[in-house]
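**Q** what's the 3D shape of this:
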Amino acid sequence: MKSLQYLSTLVIVALMALTLRSPALSAQNPLADALSTGNESAEAVDPTTVNSIERRIAEVTEEERQLAQVIADSSTAPPLSTASKHLERSQEKLQQMLRLLQAQLSLAKSLATPVPPATAETPADEPSVLLLNVLYEQLSAAESALREKRNHLKSAKEQLESLESRSREARAELATASKENRARSERAARSAVLSARVQAEQVYMITLELRAAKAAAEQGNNLEARIAEVRESLADGEGQANAATSVLLERERALQQAKTRAERELATAELRLAAEKRRFSANPPNANEVLAVVEALTAYHDALGKQVSLATSELDRLSSVRDIWANWDALLRATHTPDDLPAWQELADSELADLKVIEDSREGQSADLQIRLEGLHARISQLPAQSQVRAVSQEAEKALNTLQSELLAADRQLAADQRVTQRFADEITRVTGNLSFFDYLSRGMKQAEALWNFEITTINESPFTVGSLTMGILLFAAGLWASRVGAAAIGRLAARRLKLDAGAVQAMQTFSFYALLIGFSLLALRAVHFPLTAFAFLGGALAIGVGFGSQNVMNNFISGLILMLERPVRAQDVVEVDGSHGVIQRIGPRSTHIRSTDGRHIVVPNSFFLESNVVNWTLSDDLMRTKVSVGVSYGSPTRLVKQLMEEILRDEPLVLNEPPPNVIFDAFGDNSLNFDAYFWVEARAPMRVREAQSRVRFAIDEKFREHDLVIAFPQRDVHLDTLTPLQVRLVDAGDD
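**A** Numbers count the residues shown, from 1 in each chain. You can find the predicted model right below:
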């Protein structure tokens, strides 16, 4: 037993020595050490050279030989303990990793072996748009491969850093491991170091592949020169025109053959399915088996139907693909006109959008098809070998596999068509970028004309276009402006020639505005060929809207028209509304604006003047009667008072003599003899009346002073109760 443990320890130490002595693993970062600069030779600096790889191959071969010798020596001892089993598994794992490392180094050597430089293989056919697309495909493939290798190398380096970190941690644990755990730590360290070594060789190999991809990309310059040469030849009108026609015809022929085959098989499947359904309807003893056959035939029938549908959709798409190729050829040969470019741009954008929709739908179809194939395959594996259901299910599986192959081919063709369409769109963008100002102006005018003639709808077989709508709006705006100007001119003419008052002028101006607006609106509709019979329906809809949704608005509008016709109130009339006096400024279509005596603006709905009591002080004329009241003391000569007041009224210029003023001895008041002076003034505002009243009061005060007449004021008599003696008490101001 002790001899077995001693042998195991020797084996582990030997394996660790073999693994850790490798130059590629002795440093913390093998790739960084290999790429570092210093006094080392160029062979040590670059681990991807042939000599460096051959040296590492020799080292790995020696390690593998020594490991095989160790395994052979340890195989003579019988496996008497668990430790020996762990040792055996560790040896097998180490041997597998060394073989993997050997295979990687062999592949890296083949990649690093220099080969004679080869020129890029480019088609030497006659210049054509088809050849140009092939060159673009080759250039794109080289660039795509270079990007893929760079991403792969980045991912491999990140994985190498992770494995190196794990290797350092394992060696640190080995250095501090106890005697009991040392064997396990040694195995973990050996495995971690060797995994990092394998990944380092993987990084070296990808580096070589990236160099090869860069070399291929550098040869892409030849492709670019060839592309420029082909483009120049096509621009000069050389080469084969419509070269893609033969390719598209071959593609159409293949699709048609696939469709015909699928249709023929589909017809046969329909007959078989109908026959099995009749058998199932007859209810034979083996109805369950017949039902399974019907289900399998249904799956077979559906698969064939999808094949027909796929071929049909691809054939339908060929027409637009053919247009793309033809237009691209014409664009490269400069046989187009500037007017063709907008239509081609629209075609390219539409085709790209359609291809994107098809691509998205194909992804779902592929996933669903894969699920159906897996389910059908699992079902077939459970059926008996000689079962009719198995035979039909295998036919359905074959049809689904054919559909999957055709779908993959269609997806590849779809991607190719997308690239061709995108190149066509890019070519249009390049050409349009070289257009002159006049070309852009011409294209803009063409687009504007197309937009102007765009048909919105058709009314009574008459097209209603964007231009008609725009012209109608402009004519309506012009008619609105002309209606306002014309109504204002009519109002001024009526005021100057017909000598009408302000209310009549405003009413005439309002009616003129509406009449002119209706006339211009009808003229605008007529000018854009809008059928006026359409207003028969619109009138009914308007009547319904008026009856339900616009009662208040229409009520006020009609009330405004009645006010203008009947004229119970007019502009500049003095009215009293809810206790407020004011002058009517304007009668609008919905409301009337009043300016009160204190400067406030009052907006009153027109219906208010017809539904409520409104005091109009100036309805028939501007005459307003008012009064001034005055009281004189008892004992004053009443006749003289009346005479003086009449003289004052006759001498006041604001007081009208006709109708004549009148002075009334009103009453014997509590404190005075009351007189009222009634007189008329001509005023269109309450303030004018108040001014006349004020002047009369000033004159009365002056006149009464001249004749010693006293204007009475309130007096009170105090009566004392003398039934008892009055008590009088003197209070000193200093007393409390």
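**Q** Keeping just the C-alphas, turn stretch 163-172 into CSV.
**A** Extracted in CSV, the C-alpha atoms of stretch 163-172 (Å, rounded to 0.1, in the frame of the first residue of the first chain):
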residue,chain,number,x,y,z
LEU,A,163,-8.6,30.7,-17.8
GLU,A,164,-5.3,32.3,-16.9
SER,A,165,-6.9,33.8,-13.8
ARG,A,166,-8.2,30.4,-12.8
SER,A,167,-4.8,28.9,-13.4
ARG,A,168,-3.1,31.5,-11.1
GLU,A,169,-5.7,30.9,-8.4
ALA,A,170,-5.2,27.1,-8.7
ARG,A,171,-1.4,27.5,-8.3
ALA,A,172,-1.8,29.8,-5.4
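**Q** After the regular element (helix or strand) spanning Leu649, which helix or strand is next?
**A** Following DSSP states H and E, the helix or strand that holds Leu649 is helix 638-651. Using DSSP H and E, the helix or strand that directly follows helix 638-651 along the chain is strand 662-668.
**Q** By mean pLDDT, point me to the weakest helix or strand of the chain.
**A** Lowest by mean pLDDT, DSSP states H and E among the helices and strands of the chain is helix 30-35, with a mean of 35.
**Q** in the sheet, who's paired with Asn616?
**A** For Asn616, the beta-bridge partners are Val575 (DSSP bridges).
**Q** what's the burial count for it?
**A** 16 (other CB atoms under 10 Å). Any C-beta I mention is one placed from the backbone N, CA and C, and that applies to glycine too.
**Q** Show me what the helix holding Leu649 is packed against.
**A** strand 623-632, strand 662-668, strand 673-682, helix 686-706 (3 or more CB pairs under 8 Å, 6 or more residues apart in numbering; DSSP states H and E).
**Q** how does it look with 7 Å?
**A** strand 662-668, strand 673-682, helix 686-706 (3 or more CB pairs under 7 Å, 6 or more residues apart in numbering; DSSP states H and E).
**Q** and it, which residues are buried?
**A** By neighbour count on 16 or more other CB atoms under 10 Å, the buried set for helix 638-651 is Val641, Leu644, Met645, Ile648, Leu649.
**Q** ok, the fourth one - contacts?
**A** It refers to Ile648. The contact partners of Ile648, by CB atoms under 7 Å, 6 or more residues apart in numbering, come to Val696, Ala699, Ile700, Lys703.
**Q** nearest to Leu723, of the residues you listed?
**A** Nearest to Leu723 among the contacts of Ile648 is Ile700, at 46.1 Å by CB to CB.
**Q** measure that closest one to Ala692 for me?
**A** As judged by CB to CB, to the nearest Å, Ile700 and Ala692 stand 13 Å apart.
**Q** and Thr335, which of the three is it?
**A** When states are read from DSSP: H, G, I helix; E, B strand; the rest coil, the local structure at Thr335 comes out as coil.
**Q** contacting residues around it?
**A** Under the criterion of CB under 7 Å, 6+ apart, Thr335 has no neighbours.
**Q** all strands of this structure, in order?
**A** 455-459, 462-465, 574-577, 580-587, 591-596, 601-605, 615-616, 623-632, 662-668, 673-682 (DSSP state E).
**Q** which other residues reach stretch 695-709?
**A** 628, 630, 632, 636, 640-641, 644-645, 648-649, 652, 654, 677, 711.
**Q** got CSV for those residues, with pLDDT and distance to Phe668 too?
**A** Shown next, in CSV, are those (pLDDT from 0 to 100; distance: CB to CB, whole Å):
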residue, pLDDT, distance to Phe668
Val628, 90, 19
Val630, 91, 14
Val632, 90, 11
Ser636, 88, 12
Leu640, 90, 17
Val641, 89, 13
Leu644, 89, 19
Met645, 89, 17
Ile648, 88, 23
Leu649, 88, 23
Glu652, 87, 27
Leu654, 87, 30
Ala677, 91, 18
Ile711, 86, 16
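**Q** Closest to Leu563 out of the residues you listed?
**A** Of the contacts of stretch 695-709, the one sitting nearest to Leu563 (CB to CB) turns out to be Leu654, at 31.6 Å.
**Q** pLDDT score assigned to the residue nearest the centre of the chain?
**A** Centroid-nearest residue in the chain, with CA atoms, centre = their mean: Ala353, separated by 16.9 Å. What the model reports for Ala353 is a pLDDT of 88.
**Q** Pull up the gap between it and Leu318, please.
**A** 18 Å.
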